[in-house]
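> how would this look folded up:
(one chain, ligands or ions: 2)
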Amino acid sequence: MKIAVLGAGSWGTAIARLLANKGHDLVMYTNSKDQYKVLQESKENPDYLPGISLPQNLSYTLNLACVEEAEVIVLAVPTSACREVLGKIKEYSLKEDAVLVNLAKGIENKSLKRVSEISKEILGDLPFVCLSGPSHAEEVAKDIPTCVTVACQDMSYAYKIQNIFSTKNFRVYTNHDLVGVELGGALKNIIALAAGISDGLQFGDNTKAALMTRGMYEISKLAIEMGGNPQTFHGLAGMGDLIVTCTSMHSRNRRCGILIGQGLSVEEASHEVGMVVEGIKTTKSAYDLAKKLSVDMPITNKLYGVLYEGKNPLEAVKILMARDSKDEIEEVFFL
Ligand SMILES: NC(=O)C1=CN([C@@H]2O[C@H](COP(=O)(O)OP(=O)(O)OC[C@H]3O[C@@H](n4cnc5c(N)ncnc54)[C@H](O)[C@@H]3O)[C@@H](O)[C@H]2O)C=CC1
Ligand SMILES: O=C(CO)COP(=O)(O)O
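Ligands and ions are numbered 1, 2, ... in the order given. All right, here's what the predicted structure looks like:
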């Protein structure tokens, strides 16, 4: 199978390695000449996945025309770059049976669109599959057992991608709830940032468990309002990804939160992490969506204050704790 991976960050590289090792014909696209040179010469990606040697049958390109040959196009750039990259892909003539697999986990600012909606807007009916679930690149690149889920409105493409991506250490489930799977992956990053801030403030395990639980409650409420299936939030793209992102030191969102909790500014913290921290932009999108759809999201709202209005994280926690007493579960339909 001919596969093009667009984006040579940590996740794109880990997935390209996995697919090349499985025997697929792999090319990875980068828009950086310097990175291209390093990849070609060293067969490693030291800035993103240091110490991982990449297979000889993985090739590299600076030319996006690689999409013309591909039966599977893997989108592995930050959400904020998806519109630009999809717009460039539109200039090429794709194979009739090409499928797009998106790895990005976010909601676009301003348009408040999921990546599948951006893809639909730009590329029309090109089949779109979302791959999500608890899967840090650093572990997948070491073949540590991992389970993910793939979602598509047309399940035949989800099964196709399940078959292409599955290995003995990478178990791929399918899910027909595209909206829920996309939102689970995007919204958990908000809670991971908050969990990191809690750790940075040196709060305890109780605090983090509460944040994760109440965080899951509010992100599911928003996702259900947007058409997601509540059951998805019990699964890999929901609870699974929330757990891994809120607890792992691999998580860029959690690490960024820790630094903010320790007193760094948002800019300093995200610069220090050095890779995309999707939760920063997605907090803004979720804040706007919650207002638009009248969904109460207290953790998201307070995080928005910290990230965008310079509010003090410790004060934000105090305000969250001092809110009016309430029932744990408000809506009858919920979980
Ligand atoms: N790193 C991980 O473990 C996982 C990441 N993801 C998601 O995958 C997406 C990508 O994440 P990472 O690989 O971690 O990010 P990263 O920060 O490691 O790499 C992003 C890559 O995209 C490239 N890029 C940015 N704009 C571009 C453009 N316009 N054209 C071409 N390339 C461009 C950058 O140069 C960089 O190589 C994010 O949405 C993230 O949430 C999902 C699961 C796991
Ligand atoms: O989504 C991820 C793991 O499933 C990666 O999360 P981070 O972007 O926080 O590292």
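> so which residue is smack in the middle of the chain?
Centrality entry for the chain: nearest residue to the mean C-alpha point is K105, 2.5 Å, by CA atoms, centre = their mean.
> my guess is it contacts S80. True?
No - in terms of CB atoms under 8 Å, K105 does not count as a neighbour of S80; the distance is 11.9 Å. All C-beta atoms are positioned from the backbone trio N, CA, C, and that covers glycine.
> ok, back up a step: quick one: the residue nearest to the centre of the chain from I15, how far?
Distance of K105 to I15, given as CB to CB, to the nearest Å: 13 Å.
> same check on V77?
According to CB to CB, V77 stands 12 Å off from I15.
> got a list of contacts for stretch 281-299?
Contacts of stretch 281-299 with the rest of the structure, by CB atoms under 8 Å, 6 or more residues apart in numbering, involve 79-80, 105-109, 112, 186-187, 189-191, 193-194, 211, 214-215, 218-219, 221-222, 225-226, 300-301, 303-304, 307-308, 320, 323.
> do that again at 6 Å, thanks
106-107, 109, 112, 186, 189-190, 194, 215, 218, 221-222, 225, 300, 303-304, 307 (CB atoms under 6 Å, 6 or more residues apart in numbering).
> in the protein, which spans are helices?
Counting by DSSP state H, the chain has these helices, from start to end: 10-21, 33-42, 79-89, 115-123, 137-140, 155-165, 178-200, 205-225, 241-247, 252-261, 266-273, 278-293, 298-308, 313-321.
> if we can go back for a sec, just the pLDDT at the residue nearest to the centre of the chain, thanks.
Looking at K105, its pLDDT is 98.
> state the phi and psi torsions of it.
Backbone torsions of K105, given as degrees, to the nearest 10, read phi -120, psi 90.
> can you report how many residues neighbour the nearest residue to Y304 once chain neighbours are set aside?
Closest residue to Y304 apart from its sequence neighbours, by CB to CB, 6 or more residues apart in numbering: Y287 at 4.3 Å. When neighbours are counted by other CB atoms under 10 Å, Y287 registers 19.
> ok, Y287 to E182 distance?
Using CB to CB, we find Y287 at a distance of 18 Å from E182.
> quick one: stretch 40-60 near ligand 1?
Yes - applying CB under 6 Å from any ligand atom, one finds stretch 40-60 in contact with ligand 1 at Y48.
> okay, that stretch in CSV with CA atoms only?
Output in CSV follows, covering the C-alpha atoms of stretch 40-60 (Å, rounded to 0.1, in the frame of the first residue of the first chain):
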residue,chain,number,x,y,z
GLN,A,40,17.9,11.7,4.8
GLU,A,41,21.3,11.6,6.3
SER,A,42,20.8,10.1,9.8
LYS,A,43,17.5,8.1,9.3
GLU,A,44,16.5,9.6,12.7
ASN,A,45,14.3,12.5,13.7
PRO,A,46,16.4,13.9,16.6
ASP,A,47,14.3,17.0,17.4
TYR,A,48,11.1,15.0,17.8
LEU,A,49,11.9,11.4,18.5
PRO,A,50,15.5,11.2,19.6
GLY,A,51,17.1,7.8,19.8
ILE,A,52,14.6,6.1,17.4
SER,A,53,16.2,4.7,14.2
LEU,A,54,13.8,4.9,11.3
PRO,A,55,13.4,2.0,8.8
GLN,A,56,15.4,2.1,5.5
ASN,A,57,12.2,1.7,3.5
LEU,A,58,10.9,5.0,4.8
SER,A,59,11.6,7.8,2.3
TYR,A,60,11.4,11.6,2.7
